[in-house]
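In: Please work out how this folds:
(one chain, ligands or ions: 1)
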Amino acid sequence: MGIIIKSQREIASIKEAGKILIELFDLLESHTKPGISTWELDKIAERFIRSKGAIPSAKGYGGFPGAICISVNDVLIHGIPSKKVILKEGDIVSYDCMATLKGYVADACRTFPVGEISPSAKKLIDTTRNAFFEGVKLVKPGIHLGDVSHAIEMCAKKEGYTLTSDYTGHGVGCKVHEDPYVPNVGKPGTGPVLQKGMVIAIEPMVNEGKVDLIVLDDEWTVKTKDGKLSAHYENTVAVTDNGYEILTLKEEEGN
Ligand code: MG
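Out: Numbers count the residues shown, from 1 in each chain. Reported below is the predicted structural model:
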């Protein structure tokens, strides 16, 4: 398909969709408490996204039943919202959310603690977020995507964590998934060269234990085989004249 280069106007539209996700994470965080089901959280997310005149892009995508993906503890990605999955004290929960507004898509993910969590779980969440920033800070026209992947990989690996090659970030904006793939492991100087106007979802998924994964019979839920925790952090990022702009992040958190 080739990498779609977006105009300034298109990037502004993706950022409008991104603003919905920024507010949505605050809303979801406020509801992230022991006793709530991931089904209820999904309904909260869907109502909010639709109240903003947007569409929850995940709903029905490839047959996905939820409005967002909600992945608890050892679930890496694509957790299906369920009345049977009830958050409890000490869990970690990832909300991977997409919103389509006037045809433009933003994609972002945050992992939150449920009540008090262990220091090791907190370190995993913090490192996953740091890995994103280690990668994104390299983004500018002329660098290779492998430079970004390598920085993400090194940040997580130096803490003893693992990252899968099976699931990656991706181009985004006009569609939910576009070229290129944005891996979380890679070699500097390899992969596509970034250009102004590219928009990519950079999304480290970091495992506390081994890299081996299993997909459940529901054909969506991806878990760590050893049952250890996995965290996820993602933003939609535009390549600018001499750097990048994060389209799904509060001003005070980055940029
Ligand atoms: Mg994504």
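In: The residue of the stretch 51-200 of the chain found nearest the ion: which element?
Out: When distances are taken as CB to the ion, the stretch 51-200 of the chain approaches the ion most closely through residue 107, which lies 4.2 Å from it. To be clear about C-beta, it is placed using only N, CA and C from the backbone, and glycine gets the same treatment. Assessed by DSSP states H and E, residue 107 sits inside strand 104-113.
In: Just the CA trace of that strand, in PDB.
Out: Backbone C-alpha positions of strand 104-113 (Å, rounded to 0.1, in the frame of the first residue of the first chain) are rendered in PDB as follows:
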ATOM      1  CA  TYR A 104      -9.400  10.400  10.800                       C
ATOM      2  CA  VAL A 105      -8.100   7.900  13.300                       C
ATOM      3  CA  ALA A 106      -6.100   8.400  16.500                       C
ATOM      4  CA  ASP A 107      -4.700   5.400  18.400                       C
ATOM      5  CA  ALA A 108      -3.200   5.400  21.900                       C
ATOM      6  CA  CYS A 109      -2.800   3.100  25.000                       C
ATOM      7  CA  ARG A 110      -2.200   3.600  28.700                       C
ATOM      8  CA  THR A 111      -1.600   1.000  31.400                       C
ATOM      9  CA  PHE A 112      -3.000   2.000  34.800                       C
ATOM     10  CA  PRO A 113      -2.600   0.500  38.300                       C
END
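In: one step back: contact partners for the residue of the stretch 51-200 of the chain closest to the ion?
Out: With contacts defined as CB atoms under 8 Å, 6 or more residues apart in numbering, residue 107 is in contact with 21, 57, 96, 97, 98, 172, 176, 201, 203, 234, 236, 248.
In: one more time with 7 Å, if that's ok
Out: Contacts for residue 107 were tallied using CB atoms under 7 Å, 6 or more residues apart in numbering; they are 98, 172, 201, 234, 236.
In: same deal with residue 143?
Out: For residue 143, the contacting residues are residue 194, taking CB under 7 Å, 6+ apart as the criterion.
In: so what pLDDT did it get?
Out: The model reports residue 143 with a pLDDT of 98.
In: What of the one 3 residues further on?
Out: With respect to pLDDT, residue 146 has a value of 98.
In: Excluding chain neighbours, what is closest to it?
Out: residue 190 (3.6 Å; CB to CB, 6 or more residues apart in numbering).
In: residues contacting residue 86?
Out: With contacts defined as CB under 7 Å, 6+ apart, residue 86 is in contact with 35, 37.
In: is it in a bridge, and if so with what?
Out: residue 37 (DSSP bridges).
In: Make 38 the starting number, not 1.
Out: Understood, numbering begins at 38; the last thing we discussed is residue 123.
In: Would you check how far apart it and residue 112 are?
Out: The span separating residue 123 from residue 112 equals 14 Å under the rule CB to CB, to the nearest Å.
In: Over to residue 192?
Out: Relative to residue 112, and taking CB to CB, residue 192 is found at 22 Å.
In: same check, this time on residue 234
Out: When distances are taken as CB to CB, residue 234 and residue 112 turn out to be 34 Å apart.
In: More neighbours: which of these two?
Out: residue 112 (25 against 19; other CB atoms under 10 Å).
In: State the phi and psi torsions of the nearest residue to the more buried one once chain neighbours are set aside.
Out: By the measure of CB to CB, 6+ apart, the closest residue to residue 112 outside its immediate chain neighbours is residue 260, 5.2 Å from it. With angles defined as degrees, to the nearest 10, residue 260 shows backbone torsions of phi -120, psi 160.
In: which residues touch residue 260?
Out: Listed by CB under 7 Å, 6+ apart, the contact partners of residue 260 are 111, 112, 113, 250, 251, 253.
In: Do I have it right that the second one meets residue 261?
Out: Okay, so that is residue 112. No - Residue 112 is not in contact with residue 261 according to CB atoms under 7 Å; the separation is 8.2 Å.
In: what do the two both touch?
Out: Going by CB under 7 Å, 6+ apart, residues that sit against residue 112 and also against residue 261 are residue 267.
In: Let's see the PyMOL selection covering just the buried ones among the contacts of residue 260.
Out: Per 16 or more other CB atoms under 10 Å, the buried members of the contacts of residue 260 correspond to this PyMOL selection:
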select buried, resi 111+112+113+250
